[in-house]
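# here is the input, now give the coordinates:
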Amino acid sequence: MNRGELYCCPYLILQFMNKRIKYYLFSLFYGFCLLNTLAQVPSGYNIVWADEFNDPAVDGKPIVRANNDSWWYETGNGGWGNNELQYYVAGINGSDTLAAISNGTLKIKAIQKNIGTSQYASIRMNTAQSWKYGYFEMRAKMPSGKGTWPAFWMLPKNFQSWPLDGEIDIMEYVGYDPNRVHGSIHTMSYNHSIGTQRTSNKIIQNAETEFHTYALLWTEEKIRIYVDGYNYFTFSNDGTNNKDTWPFNVPFYLKLNLAVGGNWGGLMGVDTNIFPATYEIDYVRVYQNTTAINDTKEEKLIDSNFNNVSNLLQVNFKEEGIHRLSVTDIKGRIIKKIETTDLVSEIDCSGWPKGFYLVSANSGKSLFTQKFLKY
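All right, here's what the predicted structure looks like:
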């Protein structure tokens, strides 16, 4: 059914109803269509990892994500395969903080500064964890100006060779072409170096002054890329079990970076008056299908129990180690986040609104998720 048919049928029916009922039903129908068009986190998917970048400042100074079990930095220059001009640093370079967390967002900056043979410095940071399939989402605001090239993308955990091992570009943006975002995949059979790249783009409004959501839904059958809930790029598994066409059946990790210049970003030159340029990220979240999560559990090494009388959530770990757990509300917002070595963790949920919550726990290779109801 095309768009015209979609609106035509209910319109004809509504002609025979009184004005108030027509208005109510049409609003309900339109809202339903809009909800389905803009729906984002898929039904049945639960959050398994997130960074909300809500860390409070310490002594008035912004927080910097260090190389740790959440993120790691790639450093150096050499063009990064695209003749890029920046030198990537590990968060801070001297007095310059290029990956600062303040006021609830991560600010990745590119600055004009000589480091080695490079005239610019910036950031390329990666998640320490990797995932096979899921829904991956970022809310961000793009930098402005010719020469900027921010990206939100993925490479396989055991990456050895490009393009054989595959690449997923959830969002790329080149500053010389404002308000146009791009989604792409790269494989041995489909890549730009041989003119076969599979890609698409979408014009949005105010990409550099307002936050928008950029997302990937990756399943065994398809890769779908979204902006603000709109699916503008889809790539399907051809089912041939050929790595040249579908290398997307192994864990991938997420990457955030802001390049300067390069074969694409610098196609129209670099405006030296735009620096410092800032790529601002509100959050990065990873969701997985409940069935997929359950399949990854080798045995039940983690469990939880919520007591509505005492308002206490108890999470039990069967093995010693570093345990990370988070509680999110029904909208995926993180309510509590803990890292502990205790075998038993208790969270006081007093004062939390009534409703469903999801507790997610990670301990070594064990992953646990469970919903609970506070009433």
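# give me the pLDDT for residue 298.
Looking at residue 298, its pLDDT is 44.
# mind listing the strands for the stretch 51-200 of the chain?
63-64, 71-73, 86-88, 92-93, 96-97, 99-102, 105-115, 118-122, 124-127, 134-141, 148-156, 167-172, 180-186, 198-203 (DSSP state E, counting those that start in this stretch).
# turn those strands into JSON lines, including distance to residue 368 and mean neighbour count.
Where you see a C-beta, it was placed from the backbone N, CA and C, and this is true even at glycine. Below are the strands of the stretch 51-200 of the chain laid out as JSON lines (distance: least, CB to CB, whole Å; neighbours: other CB atoms under 10 Å):
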{"stretch": "strand 63-64", "distance to residue 368": "28", "mean neighbour count": "16"}
{"stretch": "strand 71-73", "distance to residue 368": "23", "mean neighbour count": "18"}
{"stretch": "strand 86-88", "distance to residue 368": "35", "mean neighbour count": "25"}
{"stretch": "strand 92-93", "distance to residue 368": "35", "mean neighbour count": "16"}
{"stretch": "strand 96-97", "distance to residue 368": "35", "mean neighbour count": "16"}
{"stretch": "strand 99-102", "distance to residue 368": "27", "mean neighbour count": "22"}
{"stretch": "strand 105-115", "distance to residue 368": "27", "mean neighbour count": "20"}
{"stretch": "strand 118-122", "distance to residue 368": "37", "mean neighbour count": "23"}
{"stretch": "strand 124-127", "distance to residue 368": "19", "mean neighbour count": "21"}
{"stretch": "strand 134-141", "distance to residue 368": "16", "mean neighbour count": "22"}
{"stretch": "strand 148-156", "distance to residue 368": "24", "mean neighbour count": "24"}
{"stretch": "strand 167-172", "distance to residue 368": "27", "mean neighbour count": "23"}
{"stretch": "strand 180-186", "distance to residue 368": "31", "mean neighbour count": "22"}
{"stretch": "strand 198-203", "distance to residue 368": "36", "mean neighbour count": "15"}
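# elements contacting the lengthiest strand in the chain?
Longest strand in the chain by number of residues (criterion: DSSP state E): strand 277-289. Under the contact definition 3 or more CB pairs under 8 Å, 6 or more residues apart in numbering; DSSP states H and E, strand 277-289 sits against strand 45-51, strand 105-115, strand 134-141, strand 148-156, strand 252-260.
# for the first one, name the packing helices and strands.
What that stands for is strand 45-51. Helices and strands touching strand 45-51, by 3+ CB pairs under 8 Å, 6+ apart, are strand 134-141, strand 277-289, helix 290-296, strand 323-329, strand 355-363, strand 366-374.
# next, the angle strand 277-289 makes with that strand.
Angle, strand 45-51 to strand 277-289, by axes from the mean of the first three to the mean of the last three CA atoms, to 10 degrees: 150 degrees.
# the residue nearest to the spatial centre of the chain pairs with what?
Nearest to the mean C-alpha position of the chain, by CA atoms, centre = their mean, lies residue 137 at 3.1 Å. Residue 137 forms beta bridges with residue 215, residue 285, as assigned by DSSP bridges.
# show me this protein divided up by domain.
Split into domains by the TED database, the chain comes to 45-289, 296-374.
# quick one: the residue nearest to the centre of the chain and residue 284 touch, right?
Yes: counting by CB atoms under 8 Å, residue 284 is a contact partner of residue 137 at 7.4 Å.
# hang on, the earlier thing: the strands of the stretch 51-200 of the chain: which one's closest to residue 244?
With CB to CB as the criterion, residue 244 lies closest to strand 180-186 of these, at 11.6 Å.
# using CSV, list the CA coordinates for stretch 136-147.
Below are the C-alpha coordinates for stretch 136-147, written out as CSV (Å, rounded to 0.1, in the frame of the first residue of the first chain):
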residue,chain,number,x,y,z
PHE,A,136,22.7,0.5,18.9
GLU,A,137,21.8,4.2,19.4
MET,A,138,23.6,7.5,19.9
ARG,A,139,22.1,10.9,20.5
ALA,A,140,24.4,13.6,19.2
LYS,A,141,25.0,17.1,17.7
MET,A,142,27.3,17.5,14.8
PRO,A,143,30.3,19.9,14.5
SER,A,144,30.2,22.7,11.9
GLY,A,145,32.5,23.7,9.1
LYS,A,146,34.3,22.4,6.1
GLY,A,147,36.9,19.8,7.0
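# what does the average pLDDT come to for that stretch?
Averaging pLDDT along stretch 136-147 gives 98.
# just give me how far that stretch sits from the chain centre.
Relative to its chain's centre, stretch 136-147 lies at 12 Å (CA atoms, centre = their mean, to the nearest Å).
# please apply the same query to stretch 52-65.
On CA atoms, centre = their mean, the centre of stretch 52-65 falls 20 Å from the chain's centre.
# ok, stretch 348-365 next?
So, by CA atoms, centre = their mean, the centroid of stretch 348-365 is 21 Å from its chain's centroid.
# buried ones in that stretch?
The neighbour-count check on stretch 348-365 (16 or more other CB atoms under 10 Å) flags 349, 352, 357, 358, 359, 360, 361, 362, 363 as buried.
# tell me the mean pLDDT for it?
84.
# nearest residue to residue 340 other than its sequence neighbours?
Spatial nearest neighbour of residue 340, chain neighbours left out: residue 323 (5.4 Å); criterion: CB to CB, 6 or more residues apart in numbering.
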